[in-house]
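Engineer: Quick one: sequence plus predicted model below, questions after.
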Amino acid sequence: MMQSNKVSRFQSEKNVCPPVQSMDIINPTNGILTVNQEGNTLIWYDASLSLPHQDISKTKQVLRSVNDYVLLFDNEEKCIDYIKSIDTDNIFIVISGRSATTLLPKIHNIKQVKIICIFCINREDYKSLLSDCGKIIGICTEQEELITCLKKAIYSFHQQISLIGLMKSNTKQESHLNAMDTYDFKKQQKMKDIILRMPRTQQSKQKLIDYCQFYYQGNKKMLEEIDIFNEYYESPCQAIPLYTRDSLWFRMINHAFRIQDLKLLERFQFFINDLSQSLNEGFEQLKTSLTLTERKTITLYRGQKFSKEEYSRFPSYGYVTFNSYLSTSSNIKVANMFGGCENEKILLDEGLVPVLFQIELDLTLLNNETVALANITDNSQFSEECEYLFDFGATFEIISINNRTIKMILSDKPHHVSSARLKSGYLYKYASQDIIHEIGDEDASSMENFSSSLLLIDQTLFKLNAFEKHILETSIDDENYQNASKYCIDAHILPRIDPNSLYAVACRKMNPDNPYPDERTDVYKQAIKHFQIFSDNSTNELIEWTLLGLGYAHYQIDRYQEAQKYFIEALEITNQSLNKIVCYYYLGCICGELSDYEKSMDNFNRILQIQNDINLSFVAATYYQMAMFQNKDTEKYDLSQKTKKNEYLSLALKIYE
């Protein structure tokens, strides 16, 4: 079998730097740090690493056989600075015995640090540290013992996957889901639809191999896995056994789903397609292998650890959807083992809560469009786990929560959330939803090109136009309200202003994520009151921002005439191109809502005449609104109008391309 080249095709074509974990560097700086694609960082800290007798290359190779992303430090300050700079990754640390007493007190309370191993000559010298720090999982004196200890601990973290919690009201009426959660949910569903429709080609397989050879260069174990995949992987039926191993395929895919990394998911779409196809086939086999009674009464379990903060949110959730493939077991003891229920006291002491999900299934009510799942016990590398695997994006309704056991049933209700509620969220701010819908009708050959468009759409999806971003930023606090006006698309800084606390209060109250429409209306009314007070006491320099705030707040609660008045006033006094565009945009929307489609198009066209002064994603939003109001003009709607609508949507898409 041929070994992979040291310089992969991906690296030579993209002309990018090698991943930091492939280089024998001590105390890596921000300039050479590269993205961790597995989500777990293993740090070896030893103050004597730089001494001549240390074989850094050998040490790193051994550690990379356990966890690929390995960083070496011998400088305490630089090590701690790096740890504190990490937000999303799990950090595992191996500390030499001589360094343990000084470093441990400084890192054991850092949230990102999950486990600590002490590697020393004499175990007895450090046993007292076990009672001081619950994160210490072992004191090892031999390399083999250390590797075994790390493997077992790190494997449990690979099983952790993220979820999206969807809140709902307690009324019997239609559920009102949180706007931002709804955005995440809908984005995930569209992403799944697109990935699964992308063609399975030899080119997409080679693209995956090239990237993996680049990322894992220098890691002999992983390069052997990639070579085996390259030479022997041919059919979707091979996907499940490969995924269930503790392999790079399992780790990278789960991490990509967890952080919603569309670039990485696109690279893995070849394997993701095969795995999902195999699960669909397994679902059909599962249904035919069971009697009618058995199909109606399946109970599955999953154990998982959450922080106390994460667990505290569950009572407010009506639904949860899992970002990744969801591994469950028909054996409750196996689920409890993975969830850490056997070590409940230790977990609670460390701020973690062991949770058991109990999933009740009636297969007679399910079809492949709801979700696919398969009994993979016979295909799994760990048959004793009695494993059932759900396709990614499985959604459940929470039935009850009792003593850290969460009972759920499969549900497709969030898939049917109303367009009106979505429109008040972020998804419909840009043309992405309708573009995806339009492109979705094209033949599969266009899907690969469209995946690139999806990546670009995602990059701008959160970039609301400057005013909305500036008003709706939810992270404003009393100490930081001066930054309220500085948020805008692509980080272009607006002219600096110094809004007073009334302005900050109004901004905070204009949070669109409130799931209850009546309360949402109330907060906009309160925002109007605060903006009005601010307007009565503001200088000429700030008055235009107040008018924009008043116009926007009235617009959000459908007071179109009042909103129109304030936007017209703001337009008359502003000299800033960006503020003019904001006014034209909302005046176009308001005229459209008032069925004055001619004036609506006139305002939108004014934006297009000065589009060189604004971000292109704002132009795309304008084209989208033009298409929507073109569609509403039923009195004139004919073939030519439909052509115009499609033309506007196409123009929006071209901007992302």
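Structural biologist: The structure has been received and is ready for your questions. Not measured: the values here are computed from a predicted model.
Engineer: Only C-alpha atoms, please: export the strand or helix carrying residue 102 in PDB.
Structural biologist: In this assignment (DSSP states H and E), residue 102 forms part of helix 97-107. Only the C-alpha atoms of helix 97-107 are listed here, as PDB (Å, rounded to 0.1, in the frame of the first residue of the first chain):
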ATOM      1  CA  GLY A  97       5.000  15.900  37.400                       C
ATOM      2  CA  ARG A  98       7.500  18.600  38.100                       C
ATOM      3  CA  SER A  99       5.200  21.200  36.500                       C
ATOM      4  CA  ALA A 100       1.900  20.000  38.100                       C
ATOM      5  CA  THR A 101       2.000  21.900  41.400                       C
ATOM      6  CA  THR A 102       2.500  25.300  39.800                       C
ATOM      7  CA  LEU A 103       0.200  24.900  36.700                       C
ATOM      8  CA  LEU A 104      -2.800  23.000  38.100                       C
ATOM      9  CA  PRO A 105      -4.100  25.800  40.400                       C
ATOM     10  CA  LYS A 106      -4.100  28.200  37.400                       C
ATOM     11  CA  ILE A 107      -6.000  26.000  34.900                       C
END
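Engineer: State the next helix or strand along the chain beyond it.
Structural biologist: strand 113-119.
Engineer: can I get the CA coordinates of the helix or strand following that next one in CSV?
Structural biologist: As assigned by DSSP H and E, the chain's next helix or strand after strand 113-119 is strand 136-140. Taking C-alpha atoms only, strand 136-140 is exported to CSV below (Å, rounded to 0.1, in the frame of the first residue of the first chain):
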residue,chain,number,x,y,z
ILE,A,136,-7.4,14.7,36.9
ILE,A,137,-8.3,11.4,35.4
GLY,A,138,-5.0,9.6,36.0
ILE,A,139,-1.4,9.8,37.3
CYS,A,140,0.7,7.8,34.9
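Engineer: Could you tell me the angle between the direction of the following helix or strand past strand 136-140 and that of strand 136-140?
Structural biologist: The helix or strand immediately downstream of strand 136-140 is helix 143-158, counting by DSSP H and E. Orientation note: helix 143-158 sits at an angle of 160 degrees relative to strand 136-140 (axes from the mean of the first three to the mean of the last three Cα atoms, to 10 degrees).
Engineer: show me where pLDDT drops low in the stretch 401-550 of the chain?
Structural biologist: Filtered on pLDDT under 70, the stretch 401-550 of the chain yields the residue ranges 413-524, 526-527, 529-542.
Engineer: hmm, 90 instead?
Structural biologist: In the predicted model of the stretch 401-550 of the chain, residues 403, 410-550 satisfy pLDDT under 90.
Engineer: Can you give me the domain assignment for the protein?
Structural biologist: 36-158, 176-417, 464-614 (automatic domain parsing).
Engineer: Was I right to think residue 308 contacts residue 353?
Structural biologist: Yes: in this structure, residue 308 is within contact of residue 353 by Cβ atoms under 8 Å, at 5.8 Å. C-beta coordinates here come from the backbone N, C-alpha and C atoms, glycine included.
Engineer: Between the two, which has more neighbouring residues?
Structural biologist: residue 353 (20 against 10; other Cβ atoms under 10 Å).
Engineer: Contact partners for the more buried one?
Structural biologist: Residues in contact with residue 353 (Cβ atoms under 8 Å, 6 or more residues apart in numbering) are 305, 306, 307, 308, 310, 311, 347, 404.
Engineer: how many other residues sit next to the first one?
Structural biologist: Counted with other Cβ under 10 Å, the burial measure for residue 305 works out to 21 neighbours.
Engineer: on that earlier part again, neighbour-wise, which of the contacts of residue 353 leads?
Structural biologist: residue 305 (21 neighbours).
Engineer: in which helix or strand would I find that residue?
Structural biologist: Assigned by DSSP H and E, residue 305 falls in strand 298-307.
Engineer: tilt between that strand and helix 143-158?
Structural biologist: 110 degrees.
Engineer: when you give positions from now on, start the count at 22
Structural biologist: Got it, the first residue is 22 from now on, which makes the last one we talked about strand 319-328.
Engineer: so what does strand 319-328 touch, helix or strand wise?
Structural biologist: Packing contacts for strand 319-328, counted by 3 or more Cβ pairs under 8 Å, 6 or more residues apart in numbering; DSSP states H and E, involve strand 347-350, helix 353-360, strand 373-382.
Engineer: hang on, the earlier thing: please point out which parts of the helix holding residue 123 sit buried.
Structural biologist: Within helix 118-128, the residues that count as buried by 16 or more other Cβ atoms under 10 Å are 118, 120, 121, 124, 125, 128.
Engineer: Kindly report the same for stretch 356-363.
Structural biologist: For stretch 356-363, burial by neighbour count (16+ other Cβ under 10 Å) applies to 356, 357, 358, 359, 360, 361, 362.
Engineer: farthest-separated two in those residues?
Structural biologist: 356 and 361 (10.6 Å; Cβ to Cβ).
Engineer: By pLDDT, give me the weakest of the contacts of residue 374.
Structural biologist: Among those, residue 368 carries the lowest pLDDT, at 61.
Engineer: so where do the strands sit in this protein?
Structural biologist: For the chain, strands defined by DSSP state E occupy the ranges 61-66, 91-94, 111-117, 134-140, 157-161, 184-188, 319-328, 338-343, 347-350, 373-382, 394-396, 408-411, 416-423, 426-431.
Engineer: the inter-axis angle of the fifth one versus strand 111-117?
Structural biologist: For strand 157-161 against strand 111-117, the angle between stretch directions is 30 degrees (the same axes, to 10 degrees).
Engineer: just the buried residues of stretch 356-363: which has the poorest pLDDT?
Structural biologist: Minimum pLDDT for those is recorded at residue 362 (61).
Engineer: Give me the pLDDT value at the spatially closest residue to residue 276 that is not a sequence neighbour.
Structural biologist: Spatial nearest neighbour of residue 276, chain neighbours left out: residue 60 (3.9 Å); criterion: Cβ to Cβ, 6 or more residues apart in numbering. pLDDT, residue 60: 86.
Engineer: Verify the stated contact: residue 60 with residue 111.
Structural biologist: Yes: using Cβ under 8 Å, residue 60 makes contact with residue 111 at a distance of 6.5 Å.
Engineer: Count the neighbours of residue 293 for me.
Structural biologist: Using other Cβ under 10 Å, residue 293 has 26 other residues around it.
Engineer: same thing with the one 3 residues further on?
Structural biologist: Each residue near residue 296 was counted by other Cβ under 10 Å, and the total is 23.
Engineer: That one: what's its closest spatial neighbour, skipping adjacent residues?
Structural biologist: residue 260 (4.2 Å).
Engineer: Run through the residues that contact the one you found.
Structural biologist: Going by Cβ under 8 Å, 6+ apart, the list of residues near residue 260 reads 292, 295, 296, 298, 299.
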